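S.K.: missing the sequence, but the structure's below:
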């Protein structure tokens, strides 16, 4: 398999809207081909590939990334979803979206340092205990002894 050219999705989308606009104006296929070739600055063979790629992209609009234009050797098989136009194959490539991760267990356990969580309590001051808190703590310790 030999890649001839490729067309990204955003160029194909612009080409599809331009082709639809020209067709609604009543232009002939030859006029559409020359107009699109001039507006996208493509030359003879690339315009043919581009128009065929537009037709392939119109069939596969959801999650389309690009359309590859390839030529297949004698002993090779065409890729899946490839569309043959004349002697070339047009292969649409799609975005592969990964499935979102499943939420962690809802029991509240897990994560980093699972056993150490929850010890202590809210701190009243970032600078340590106040003299009143120290006195209260010392009084509790003296009462136990």
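M.R.: Here it is on my side, so go on. What you see is a predicted model; the values in this text were computed from it and never measured.
S.K.: Next, report how far the strand or helix carrying residue 135 is displaced from the centre of its chain.
M.R.: Per DSSP states H and E, residue 135 falls inside helix 131-144. Distance, stretch centre to chain centre, for helix 131-144: 61 Å (CA atoms, centre = their mean, to the nearest Å).
S.K.: what mean pLDDT does that helix have?
M.R.: Across helix 131-144, pLDDT averages out at 79.
S.K.: Please point out which parts of it sit buried.
M.R.: Using 16 or more other CB atoms under 10 Å as the test for burial, helix 131-144 gives no buried residues. Where you see a C-beta, it was placed from the backbone N, CA and C, and this is true even at glycine.
S.K.: So the spatially most central residue of the chain versus residue 88, what's the distance?
M.R.: Nearest to the centroid of the C-alpha atoms of the chain, with distances taken as CA atoms, centre = their mean, sits residue 95, at 5.6 Å. Distance, residue 95 to residue 88, using CB to CB, to the nearest Å: 23 Å.
S.K.: now residue 66
M.R.: 15 Å.
S.K.: So between the two, which is more surrounded?
M.R.: Neighbour comparison, residue 66 and residue 88: the larger count goes to residue 88, with 22 against 18 (by other CB atoms under 10 Å).
S.K.: Can you name the residues that contact that one?
M.R.: 4, 49, 52, 69, 70, 71 (CB atoms under 8 Å, 6 or more residues apart in numbering).
S.K.: Look at the third one and say how many residues are nearby.
M.R.: It stands for residue 52. Neighbours of residue 52 using other CB under 10 Å come to 19.
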